[in-house]
Each structure stands twice: as structure tokens, then as C-alpha cells.
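Engineer: whatever this is, show me its structure:
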Amino acid sequence: MNQNEIKQDSLKAWLLAARPKTLTGAAVPVIIGLALAWVDAQEYIANVFKWPAALLCLAFALLMQIDANFINDFFDYTRGNDDIDRRLGPLRACTQGWVKIDSMKRAIALTTCVACIVGLPLIWYGGLEMIMIGILCVVFCFLYTTHLSYIGMGDLLVVVFFGIVPVCITYYIQLHTCTWQVFIASVACGLVIDGLLIINNYRDRDNDREDGKKTLVVEIGAEAAEWLYLSLGVIAVLAGVVFWLNGHILAFLLPFFYLLLHVLTWQKMRHINHGRELNVCLGETARNMLVYGLCVAIGLLLL
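Structural biologist: All right, here's what the predicted structure looks like:
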């Protein structure tokens, strides 16, 4: 894309800064959590599923993802990590000059506040403990980019905040409980989404090593990272046996379609190995994540 085609601080510039393709990572855990809650809610005499709470969970997750993207864009630019000549990933708004630095600061503050306002009514549905959950989401949203991603904590945070927290909390808000099956499903979801971080860090491993950024990929090496990427998908799908044990065999079987796509992306990843061409695998991984979420949700709802 030609930089001159993007007017500074325009709607198009902000849409690019929000990184719409990454929003699947925020939506999928909520979708799975809601599907699990919907199925279990049918066991009650009264319909206890709360649609307003469901929409608030989804809106909060999407806003926090956009906020995280803005924060990442801003701090990577100020650290000098998004040098135009060295960057291998998709173009970033601050580095390209699409968004002014001061505008990005204000956008981060605004998005954080709006996310908190949207999440505030969840106290009514989930209790005062939702305040602490919201605070943790905001704090780690900042800590990830500014510190934790530099010391190899990124993958753990993805499993926690893109798996365990959104799936379990979404379920808890609906039914005020959380089962061990839901917890396993949440971990599986986190593993699937962590594949996006693995492929991103796999592409950037040489630059990260030079910058002193100790990602998991840098620590274990490229070949081990390739097998880790494959393993994440395999383990997540096999963990779906908990759905089968609960009588939802389609929720176990349908994700094997995701696994097929995952394996194909893994093979492409190993073949390309280096450079900007790996962005194709990044896009496919985002697609695969959505496929996984839809397969699990549809499988739960159908049988």
C-alpha cells in the first residue's frame, strides 16, 4: 500500500491502526464462552441466558483488542522497533505517519475509557469481582507491549487473556459458575490463538534477537518454534474430547477441519521460513482461529 494514499488521522488511517484482522482473536473466546453457556443454560427450567451481557462481553473484548493494538503501535514506534527498513510485518500507523503520535496517545486514553465504560454494566451480571477482572485486563494490556513481551511472557499472557479469562468469565457472567470442562475449553482456545503470536515472533525472530527481545521463539529457536506451532493446534483439538464426554461429539469432530487448515499453514510456514512472505501464514492463522471458534460453537449448538 502506498503511504501517500493514506491521509493522516483519516478514518482509513484509524481503521488500519485498529488492525481489523486481529479482532478474531478477541471474538473467538467470547463466542466459545457464550456457546458453552447457552448449551448449559438449557438445563435450567427458566431461560437464564442474558443477551445484553453477551453483547457487552463481546464489545468489551473487541475494544480491549483495539486498545492493545493502539498501545502496541505507539510503544513499538517510540522504542524504535518499527523501523520501516527492518520491519517484516504489516505496516504500522505511527511508523508510516498515518496517525500522529499525539493523536495515538489520545486514542489510547479514549479507547481504554470507552472499554471500561462498556464493561462496567457487567458488574450487574457478574458481581463486583468484574471490577478486578477489568483492571487486570487493562493493566496487562499495557504491560504486555511495554515489558512482558520482552522477557518471554507473551505466550503465557495470550493463553490467560485470550483463553482462560474471556472464555471462563463470559461463561461465569451467564451462569455464575465455571466447570472444569469450561476451563479446559478455555485453555484450548488460548493455545489456538497463541499460534498467531508464534508465527508473528517466528517471522521477527532475527530482529527480536538483535533488539534484545527474548520471545519464546528466540529462546527455543526456529525449528522448535515450528513444531510448537503445530503442537498448539493438535493439543487444542484433542482437548476437545471434553465436549464429546459431555455428549457434544460434533464440537469434538468439527475442529478437525480447523486442524487440517492448521497443518497446511504449518507446512507453508516451514517452507517459507524467513521474510515478509510469512505474513501470508499470519493471515491464514487468523482465519484458522476463526474457523476453530465457529466449529466449536456450531458443534456445541447442533449436538
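
Engineer: Met64 against Gly25, yeah?
Structural biologist: No - taking contacts as CB atoms under 8 Å, Met64 lies outside contact range of Gly25: 10.7 Å. Using the backbone N, CA and C atoms, a C-beta is placed for each residue, glycine as well.

Engineer: tell me, what's touching these two both at once?
Structural biologist: Here Met64 and Gly25 have no joint contacts, going by CB atoms under 8 Å, 6 or more residues apart in numbering.

Engineer: what's Leu88 in contact with, if anything?
Structural biologist: Leu88 touches Arg203, Asp204, Asn207, Gly275, Arg276, Leu278, Asn279, counting by CB under 8 Å, 6+ apart.

Engineer: need the max-distance pair from the residues you listed.
Structural biologist: Longest distance between any two of the contacts of Leu88 is 14.1 Å, between Asn207 and Asn279; criterion CB to CB.

Engineer: spit out the contact partners of Ala286.
Structural biologist: Per CB under 8 Å, 6+ apart, neighbours of Ala286: Lys21, Thr22, Thr24, Gly25, Leu196.

Engineer: please pick the buried ones from these.
Structural biologist: Neighbour counting by 16 or more other CB atoms under 10 Å classes Thr22, Thr24, Gly25, Leu196 among the contacts of Ala286 as buried.

Engineer: how near is the closest residue to Leu58 other than its chain neighbours to Thr112?
Structural biologist: Closest residue to Leu58 apart from its sequence neighbours, by CB to CB, 6 or more residues apart in numbering: Val30 at 4.9 Å. For Val30, the distance to Thr112 under the criterion CB to CB, to the nearest Å works out to 19 Å.

Engineer: pick out whichever of the two has more residues nearby.
Structural biologist: Val30 (23 against 18; other CB atoms under 10 Å).

Engineer: element containing the more buried one, please.
Structural biologist: helix 24-41 (DSSP states H and E).
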